[in-house]
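# Have a look at this prediction, sequence included:
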Amino acid sequence: MDRSPTARAVCTARLVRLLRALGLTDRAASCTAALRAMTGSWGTATVTGLGESDVSSDGSPLEFAVGFDDTHPSLQFAVEPLAPGGTPADRAAAARHTMAALARHHGACADRHTAVADLFLPADPATDPATDHLAMYGAEVTRGRPVRFKVWFYLAADHPLERCTRALDRLGLGAAHPTVAAHVQRDERRDRPFLFSLDLAPGAAARVKVYFRHYEADTKYMATLMEPYPGFSADPVADFCTTLTDGRDSLAEQAPATCLTFTGTGGPAVAATLYLPMWTYAPHDEAVRQRFHQVLATTGRSAELYDRVLREAAARPLDGARGIHNYIAWRPGRLRPRLKVYLSPELRHTDPAARYALD
């Protein structure tokens, strides 16, 4: 009899530790209940009993993200619904069941999910295999606010811009088409849309985001790409990239990512974000920690909270391997840049760079 803990139990314990590190223990009950709903498809499977996920760089089906801004820190957790040993059809069904559970028990609004779900969660994935991975569901909590939910859908590798355009039309965001198309400055192979996300909330303020990976990129290209968006300018983007990559110019070894945020009826993006993957551009996580300290210092922030979070997130010495830091994100804020650190629980292995060789 296998006495290994279930994947749900392992992930719940990690979540509680991070809530404690962020001073959010009063939200533990609502967050752990949300995580139970988001991992319902996992059943009693152990980590190794679940299929490989795309959520974290090592294949873990969970990722944490801690946001640093000028109010309160936030904690986000993202989950891929995975039926143990499941087929694409099983994954599509698991994603739909997850949405139903979040709507029924946790107040998530399913309206826009329903409007586009068939584009990303086909009833028969054998005839419309959008991608090996279909969806992730996320919850975010910060002091003074209820838990907020979102979903990320994966865009097909073939003609992702076309599927993205159809989804925007269904949501009444057709005016966003020129902005999304302009962000593909080279071609869909090198500036590839890969995720389409929705806030699972009602109202015009609920966000829609389109995420891109930028292959064969360098620091200059990313600075130029982001410069037109609200609050961005080329020099801070370049400084962010060079600090976190220890002065590299080329970012071709692992593609950086961006996202554009839309609300209302679309049109120009109301916000944009830059994400740097961190499991390739540093020898180990201690080097990432030291570099992020420099980024925090340039924004006038203390590293104390980040270090406290990292101690709870890490299950090994930081200088022993790389892979805890998935991404670090940068976007302008009202007073200073907002920063977000995406953390893998490393439930499967460390040093995931080989798994994410250029694709």
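Alright, I've got the coordinates. Computed from a predicted structure; not experimentally measured.

# Let me know whether residue 77 touches residue 147 as I believe.
No - using Cβ atoms under 8 Å, residue 77 makes no contact with residue 147, being 10.1 Å away. C-betas here are computed from N, CA, C, even on glycine.

# okay, the two: which has more neighbours?
Ranked by neighbour count (other Cβ atoms under 10 Å), residue 77 and residue 147 place residue 77 first, with 25 against 18.

# what are the bridge partners for the closest residue to that one other than its chain neighbours, then?
Closest residue to residue 77 apart from its sequence neighbours, by Cβ to Cβ, 6 or more residues apart in numbering: residue 64 at 5.4 Å. Per DSSP bridges, the residues bridged to residue 64 are residue 77, residue 343.

# Residue 64 and residue 74, how far apart?
Residue 64 sits 11 Å away from residue 74, going by Cβ to Cβ, to the nearest Å.

# Have a look at those two and say which one is more surrounded.
Applying other Cβ under 10 Å to residue 64 and residue 74 shows that residue 64 carries more neighbours, namely 23 against 20.

# Quick check: neighbours shared by residue 77 and residue 147?
Common contacts of residue 77 and residue 147 (Cβ atoms under 8 Å, 6 or more residues apart in numbering): 31, 139.

# show me the contacts for residue 105.
By Cβ under 8 Å, 6+ apart, the contact list for residue 105 reads 33, 37.

# Please apply the same query to residue 19.
Counting by Cβ under 8 Å, 6+ apart, residue 19 touches 25, 27-28, 31, 75, 141.

# what about the strands in this structure?
62-68, 74-79, 135-142, 148-154, 191-199, 208-214, 257-262, 271-277, 325-331, 338-343 (DSSP state E).

# So which elements touch the first one?
Okay, so that is strand 62-68. helix 7-21, strand 74-79, helix 304-313, strand 338-343 (3 or more Cβ pairs under 8 Å, 6 or more residues apart in numbering; DSSP states H and E).

# And the average pLDDT for that strand is what?
Per-residue pLDDT over strand 62-68 has a mean of 96.

# Could you list the low-pLDDT ranges of the stretch 101-250 of the chain?
By pLDDT under 70, the weakly predicted segments of the stretch 101-250 of the chain are 125-131.

# ok, how many other residues are close to the closest residue to residue 37 other than its chain neighbours?
Nearest residue to residue 37 in three dimensions, chain neighbours excluded: residue 101, at 4.2 Å (Cβ to Cβ, 6+ apart). A count of nearby residues for residue 101, using other Cβ under 10 Å, gives 19.

# can you check residue 38 too?
A count of nearby residues for residue 38, using other Cβ under 10 Å, gives 28.

# Give me the pLDDT for it.
For residue 38, pLDDT reads 97.

# what does residue 33 give?
97.

# Could you do residue 97 as well?
In the prediction, the pLDDT value recorded for residue 97 is 96.

# Also residue 1?
Taking residue 1 on its own, its pLDDT is 47.

# can you check residue 350 too?
The per-residue pLDDT of residue 350 was computed as 82.

# For it, the count of nearby residues, please.
Going by other Cβ under 10 Å, the residues that sit close to residue 350 add up to 18.

# quick one: contacts for the closest residue to it other than its chain neighbours?
Excluding the flanking residues, the one nearest residue 350 by Cβ to Cβ, 6+ apart is residue 321, at 3.7 Å. Residues near residue 321 by Cβ under 8 Å, 6+ apart: 284-285, 350-351.

# Near the spatially closest residue to residue 177 that is not a sequence neighbour, how many other residues are there?
Using Cβ to Cβ, 6+ apart and skipping residues adjacent in sequence, the residue nearest residue 177 is residue 165, 6.0 Å away. Neighbourhood size, residue 165 [other Cβ under 10 Å]: 18.

# Quick check: residue 165 vs residue 60, distance?
32 Å.

# quick one: residue 4 and residue 46 touch, right?
Yes - between residue 4 and residue 46 there is a contact under Cβ under 8 Å: 4.4 Å.

# more crowded one of the two?
Counted by other Cβ under 10 Å, residue 4 and residue 46 do not tie: residue 46 has more neighbours, with 18 against 12.

# Could you measure from that one over to residue 352?
Distance from residue 46 to residue 352, by Cβ to Cβ: 20 Å.

# and what of residue 172?
Taking Cβ to Cβ, one finds residue 172 at 38 Å from residue 352.

# which of these two has more neighbours?
residue 352 (21 against 15).

# what about the residue nearest to residue 213 when sequence neighbours are not counted, how many residues close to it?
Nearest non-adjacent residue to residue 213, counting by Cβ to Cβ, 6+ apart: residue 255, 4.4 Å away. Residues lying near residue 255 (other Cβ under 10 Å) number 23.
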